[in-house]
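Novice: Please find the sequence and the predicted model below.
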Amino acid sequence: MNMEEMYSDDALVEQIRIGDEKAAEELIRRYYTSVLRYCKRQCFNLEKAEDLTQETFLKLFKNLSGYKEKGKFKAYLYTIANHLCIDESRKMKECSLENEGEIRDECDGLRRIEDKSEVGYLLNVLSPEQREAVILRFGEELSFWEIAKVMGCNMRTAQSRVRNALKIMRKEQENER
Amino acid sequence: MNDKELKQYLKQCLQQETELDKLHNKEDVKKLGNAGLEETVRLCTEIMREQKLTKKSQEEPRIGFARYLSDIFRFEGVPIFGLQAVTLFITCVVIYTVAGNPSYIPAFMPLFVLAVMPAMFKCQYYRMSEIEAVTRASGAQIILAKLILAGASNLVCMTIFISLEVYLQNSCEEIGQIILYCLVPYLVCMVSMLRLIRLCKRENIQICTVLALSSCVLWGILAKTMPWLYDTSAFGIWIVAFLFFAAFFIKEIHFIITIRKEGKMYGIIT
């Protein structure tokens, strides 16, 4: 039985707290790809996503003593990633004032890539909050409670974001026909 | 496509995308020679080692809420209790000399809330909320500590006030009513003040002052114009009002206690 099967996230966190470097490596390996994927979805750039992922884990390890909520590690990790992605998008907005044309071209290109699939098209119809809620719910399979934690809202808001997103997407599909 | 089908479709597509992404990411990671992942592991283990070395020097025992309350008492206790004592003295003098009638009691109660205001709004008045926000105690914890101090002083003052009123009435028959006359206006003003703090209005100090003073006048007018409101038959109205505002007050206190644990601010950072 390897470490992955043996320990839960919280058990690994406990091991890390007492200085177990193997546990740290296991925890990073367990979530590195999914955090990278999440960041990539938010910033559409692999290099930037990698930087954000690394920063997420560095922040996690620096503030691991602040993690006290047992069984909520996934939400805690995604919340850090989410905050970093928001900061990054703010920086991009500031940057867009200087290089507006260039950024617009880049965004148009990304939108075209997204439009290639119907899911991408449907997701583009949604507001950023609704899109994020749908991705977290159906793509990352987070519970509503975890989505609420990540997005910094209450559970009912997370539920209503997903519900409204589904309504909008269904309407959009009907209009398409 | 109904909701169920749409959900399944999204799950399928996004998870297919997830699988593709996983492969894609694996390829990317391989292509980069696991650089990102390895570097992250290295940096994180370095942080762990650093923390291990500095842990002993950095560790400071955290203080509990009781100790924090005694600490804050040194700063806020004297002004809170002092102002309450002054208010109590004034109200007692007025009650003793002018208005012996219990129906005038509610008109004096907002003054006790008014006396608490300087301490409650201190950080907003001096634009010090940011500094409070970065202290080790959360904003909610600071408000809760001040509320406990204010509540304790109010309790003492009201007990004295009620005792005086009972002494003036020469009977304990109306003590229930007198207590309600004290508590209902007090709760109305307290709930309003807490709501104003939470609503983050820029002029909430002025609004709260006007609200407290105008409620004093309003209760006075009510005592003068609607004496039936203070009859024994109107006892039920006061109980209902008490229960209603007590529920709001308890809800607000419960909210503060909840967010205190999460280390959040109560109200805005001015």
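Specialist: Arrived safely. Quantities reported herein were computed from a predicted structural model and do not represent experimental measurements. Numbering: from 1, shown residues only, chains lettered A, B, ... in the order given.
Novice: from here on, contacts and neighbour counts on C-alpha atoms
Specialist: Will do.
Novice: need the contact list for residue 47.
Specialist: If you meant another chain, say so; for now it's chain A. Contacts for A:Glu47 were tallied using C-alpha atoms under 8 Å, 6 or more residues apart in numbering or on different chains; there are none.
Novice: I was after chain B.
Specialist: A:Leu58, A:Phe61, A:Lys62.
Novice: Can you name the residues of chain A sitting close to chain B?
Specialist: For chain A, the residues in contact with chain B (C-alpha under 8 Å from any C-alpha of the partner chain) are A:16, A:19, A:21, A:24-25, A:28-29, A:32-34, A:37, A:50, A:54, A:57-58, A:61-62, A:119, A:135, A:138-140, A:166, A:170, A:173.
Novice: Name the member of the contacts of B:Ile47 with the most neighbours.
Specialist: Within these, A:Phe61 tops the neighbour count with 23 neighbours, counted by other C-alpha atoms under 10 Å in any protein chain shown.
Novice: my guess is it meets B:Cys44, correct?
Specialist: Yes: using C-alpha atoms under 8 Å, A:Phe61 is in contact with B:Cys44, at 6.3 Å.
Novice: Could you spell out which stretches of chain B belong to which domain?
Specialist: What automatic domain parsing lists as the domains of chain B is B:3-58, B:65-262.
Novice: Return the distance of the last one from the chain's centre.
Specialist: Taking C-alpha atoms, centre = their mean, to the nearest Å, the mean C-alpha location of domain B:65-262 is offset from the chain mean by 13 Å.
Novice: Do it and chain A come into contact?
Specialist: No: using C-alpha under 8 Å from any C-alpha, domain B:65-262 never reaches chain A; the gap is at least 10.7 Å.
Novice: number of nearby residues for whichever residue of the stretch 51-200 of chain B sits closest to chain A?
Specialist: Closest to chain A within the stretch 51-200 of chain B is B:Lys52: 7.2 Å, counting by C-alpha to the nearest C-alpha. Around B:Lys52 there are 14 other residues, counting by other C-alpha under 10 Å.
Novice: any idea which helix or strand carries the residue most central in space within chain A?
Specialist: With distances taken as C-alpha atoms, centre = their mean, the residue of chain A nearest its centroid is A:Tyr38 (3.9 Å). Using DSSP states H and E, A:Tyr38 maps to helix A:21-43.
Novice: how distant is that helix from the center of its chain?
Specialist: How far helix A:21-43 lies from its chain's middle: 11 Å, per C-alpha atoms, centre = their mean.
Novice: elements contacting it?
Specialist: On a contact count with 3 or more C-alpha pairs under 8 Å, 6 or more residues apart in numbering or on different chains; DSSP states H and E, helix A:21-43 meets helix A:3-6, helix A:9-17, helix A:46-62, helix A:73-98, helix B:3-31, helix B:35-58.
Novice: I'd like to know which of those lies nearest to A:Ala148.
Specialist: helix A:73-98 (8.7 Å; C-alpha to C-alpha).
Novice: Tell me how far the closest one lies from the chain's centre.
Specialist: 10 Å.
Novice: same question, stretch A:67-76
Specialist: That offset, for stretch A:67-76, works out to 16 Å (C-alpha atoms, centre = their mean).
Novice: residues of that stretch that come out buried?
Specialist: A:Phe73, A:Ala75, A:Tyr76 (16 or more other C-alpha atoms under 10 Å in any protein chain shown).
Novice: repeat for stretch B:193-208
Specialist: Buried-residue list, stretch B:193-208, by 16+ other C-alpha under 10 Å: B:Met193, B:Leu194, B:Arg195, B:Leu196, B:Ile197, B:Arg198, B:Asn204, B:Ile205, B:Cys208.
Novice: before we move on, what about stretch B:85-103?
Specialist: B:Ala85, B:Thr87, B:Leu88, B:Thr91, B:Cys92, B:Ile95, B:Gly100, B:Pro102, B:Ser103.
Novice: what's the closest non-adjacent residue to the first one?
Specialist: Spelled out, that is B:Ala85. What sits nearest to B:Ala85 in space, not counting adjacent residues and going by C-alpha to C-alpha, 6 or more residues apart in numbering or on different chains, is B:Cys157, at 7.1 Å.
Novice: The one you found is in contact with B:Leu83, isn't it?
Specialist: No: here B:Cys157 does not reach B:Leu83: they are 10.7 Å apart, not a contact under C-alpha under 8 Å.
Novice: I'd like to know which helix or strand in chain A has the lowest mean pLDDT.
Specialist: helix A:100-115 (a mean of 47; mean pLDDT, DSSP states H and E).
Novice: I'd like to know how many residues surround residue 51.
Specialist: Unless you meant another one, I'm taking chain A. A:Asp51: 14 neighbours (other C-alpha under 10 Å).
Novice: meant chain B, my bad for not saying
Specialist: 17.
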